[in-house]
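Asker: Got a predicted structure here, sequence first:
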Amino acid sequence: MTYSIDGTHDPNLRSWVELANQEDTDFPIQNLPFGVFRTQGSAEPPRIGVAIGDKILDLARCYQLGLFQELPEQLLAACTAPNLNLLMGMGSQARLALRHRLSELLRYDTQQNLPEAEILISISDVELLLPAIIGDYTDFYASIFHATNVGKLFRPDNPLLPNYKYVPIAYHGRASSIVPSNTYIQRPSGQIKKLEDSAPSFTHSQMLDYELELGFFVGAGNERGKAISIEQAEEHIFGLCLVNDWSARDIQAWEYQPLGPFLAKSFATTISPWVVTLEALAPFRCPAFRRAQDDPQPLPYLSSPLDTSLGGIDITLEVWIRSAQMQQQNLQPFRLSHGSFQQMYWTLAQMLTHHSSNGCNLRPGDLLASGTVSGAEAGSQGCLLEMTQRGAKPIELPTGEVRKFLSDGDEVILRGYCEKAGYKRVGFGECRGTILVS
């Protein structure tokens, strides 16, 4: 089960990779997230790796050296593939078997038996790629605080639409424009209609925004026509990553009626390179968001006792910014927001179950995102649209610059991590993107 805690979570477990034992690392031996990489500047085929401290364990090289001999043949093939799709499709039992073997290999007492120089490579020496071939991408709207805050900007007397508390709302995003962290983002153009104008014009967006989200990759898929039950939903989830769903708010305001987001979203979505498995997150499970007493309870197909008691995940999420001026002055990034995934109205299982409830077939490597993660507290909003109230309350940066929305040269950095007494901190790394100077 994805909720089970075992020896791989032992906080006293140490690795022979020295920096994996530091208190503030995102990648201790208790994490073991998967990613895809190749050596910086090379044209070599992509390989699957596991982040450990400041290094990557090369799974293909481990296989070549006979370090995975006891694993099933099908799992070995998945470890040597150029992406994670095969491994994702094998389900949780295969993933758990590989996790245990990786934990054994990286324990401090096994170093003497391993050719360290042959199986490890520094993260700084590689190019981190998209972890999977993403066939489909769906973006949800699972934060009631985000939905309410945005709704108030446009419908002050009726911010939430009638279906919100019954249906995990989502739209089908554009998979082809999903890019890995550190990819430059070009400011999009589109139709924009200002209030004072009688007709729209085609021009660059002046209201470019980020959206702090958490994404999750589908593992084993389902046949078309066969829905996934809420009880089985997490058996179909491989792991999680950070997502920045870049949004052009001025384009969005004109185009979204009546069918929702389109060109305001499809120009780019950035994801972090490391996929943290559900097994690594087991110690940080928590009850699902507690709904207000007068809210409707989820319909039966979206409800289970286990999901109610453990469907949440206590993940801290942050947004940081470095303007071009801050970079020139060598200033550290400035934190814009600090929130928790624990406050999401809908759980991962509910989102996936609803997605498949009409018989939609999900496939290994499909990406589902949570929608903007915002909380009830000030400073926990996950986008500038909320934080600045559509530009009415600009944010001041350490340089004295102000931001209503993003400017050219701005670098946006998303970070996520889990902390709990009695367990090692587990992180997601970073999701970075910089707006190109026009």
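Answerer: Perfect, thanks for sending it.

Asker: what's the burial count for M207?
Answerer: 21 (other CB atoms under 10 Å). Any C-beta I mention is one placed from the backbone N, CA and C, and that applies to glycine too.

Asker: Check Y166 too.
Answerer: By other CB under 10 Å, the residues close to Y166 number 13.

Asker: Tell me the secondary structure of it, please.
Answerer: At Y166, secondary structure determined by DSSP: H, G, I helix; E, B strand; the rest coil is coil.

Asker: Does the closest residue to it other than its chain neighbours belong to a helix, a strand or coil?
Answerer: Closest residue to Y166 in three dimensions, ignoring its sequence neighbours and counting by CB to CB, 6 or more residues apart in numbering: P296, at 6.2 Å. At P296 the chain is in coil, as set by three-state DSSP.

Asker: Pretty sure Y164 is one of the things P296 touches, is it not?
Answerer: No - applying CB atoms under 8 Å as the test, P296 and Y164 come out as separate, 10.3 Å apart.

Asker: Those two: who's more crowded?
Answerer: Neighbours per residue, other CB under 10 Å: of P296 and Y164, the larger number sits with Y164, 18 against 9.

Asker: what sits against that one?
Answerer: Counting by CB atoms under 8 Å, 6 or more residues apart in numbering, Y164 makes contact with Y141, I144, A147.

Asker: how does it look with 6 Å?
Answerer: Y164 is in contact with A147, counting by CB atoms under 6 Å, 6 or more residues apart in numbering.

Asker: nearest residue to P45 other than its sequence neighbours?
Answerer: Spatial nearest neighbour of P45, excluding adjacent residues (CB to CB, 6+ apart): P82 at 5.5 Å.

Asker: just R47 next, same as before
Answerer: That would be A60: by CB to CB, 6+ apart, it lies 4.9 Å from R47.

Asker: Dump the longest helix anywhere in the chain to PDB, restricted to CA.
Answerer: Scanning the chain for the helix with the most residues, using DSSP state H, yields helix 92-106. The C-alpha trace of helix 92-106 is given here as PDB (Å, rounded to 0.1, in the frame of the first residue of the first chain):
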ATOM      1  CA  SER A  92       3.200   0.000  -7.100                       C
ATOM      2  CA  GLN A  93       4.500  -3.500  -6.300                       C
ATOM      3  CA  ALA A  94       7.300  -3.200  -8.900                       C
ATOM      4  CA  ARG A  95       8.100   0.300  -7.800                       C
ATOM      5  CA  LEU A  96       8.300  -0.800  -4.100                       C
ATOM      6  CA  ALA A  97      10.600  -3.700  -5.000                       C
ATOM      7  CA  LEU A  98      12.900  -1.200  -6.800                       C
ATOM      8  CA  ARG A  99      12.800   1.200  -3.900                       C
ATOM      9  CA  HIS A 100      13.900  -1.400  -1.500                       C
ATOM     10  CA  ARG A 101      16.800  -2.500  -3.700                       C
ATOM     11  CA  LEU A 102      17.900   1.200  -4.200                       C
ATOM     12  CA  SER A 103      17.800   1.800  -0.500                       C
ATOM     13  CA  GLU A 104      20.000  -1.300   0.100                       C
ATOM     14  CA  LEU A 105      22.600  -0.100  -2.600                       C
ATOM     15  CA  LEU A 106      22.800   3.400  -1.100                       C
END
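
Asker: V319 against L212, yeah?
Answerer: Yes - between V319 and L212 there is a contact under CB atoms under 6 Å: 5.2 Å.

Asker: Quick check: mean pLDDT of the host helix or strand of K152?
Answerer: K152 is part of helix 144-154 when elements are defined by DSSP states H and E. On average, the pLDDT along helix 144-154 is 94.

Asker: Would you mark the buried spots in the following helix or strand past it?
Answerer: Note on helix 144-154: by DSSP H and E, the next helix or strand toward the C-terminus is strand 170-172. Going by neighbour count (16 or more other CB atoms under 10 Å), the buried part of strand 170-172 is A170, Y171.

Asker: Off-centre distance for the very next helix or strand once past strand 170-172?
Answerer: Sequence order places strand 178-180 as the next helix or strand after strand 170-172, per DSSP H and E. How far strand 178-180 lies from its chain's middle: 12 Å, per CA atoms, centre = their mean, to the nearest Å.

Asker: So which residues make contact with strand 178-180?
Answerer: Here strand 178-180 makes contact (CB under 6 Å, 6+ apart) with L128, L129, L130, I134, A268, T269, T270, P273.

Asker: One more: stretch 400-419?
Answerer: Counting by CB under 6 Å, 6+ apart, 207-210, 212, 242, 244, 284, 315-324, 333, 384, 388, 391, 394-396, 425-428, 430-435, 437-438 sit against stretch 400-419.

Asker: Show the end-to-end separation of that stretch, please.
Answerer: With CA to CA, to the nearest Å as the measure, the ends of stretch 400-419 fall 33 Å from one another.

Asker: Could I get the buried residue list for it?
Answerer: Residues of stretch 400-419 classed as buried by neighbour count (16+ other CB under 10 Å): 401, 403-407, 409-418.

Asker: and what of stretch 246-254?
Answerer: For stretch 246-254, using 16+ other CB under 10 Å, the buried residues are W246, S247, A248, R249, D250, I251, Q252, A253.

Asker: same check, this time on stretch 108-123
Answerer: Of the residues in stretch 108-123, L114, I119, L120, I121, I123 count as buried by neighbour count, 16+ other CB under 10 Å.

Asker: again with stretch 168-177
Answerer: Neighbour-count burial for stretch 168-177 flags P168, I169, A170, Y171, G173, R174, A175 (criterion: 16+ other CB under 10 Å).

Asker: same question, stretch 42-62
Answerer: Counting neighbours by 16+ other CB under 10 Å, stretch 42-62 gives 46-62 as buried.

Asker: all helices for the stretch 251-400 of the chain, in order.
Answerer: Here the stretch 251-400 of the chain has its helices, by DSSP state H, counting those that start in this stretch, at 305-310, 324-328, 348-356, 384-387.
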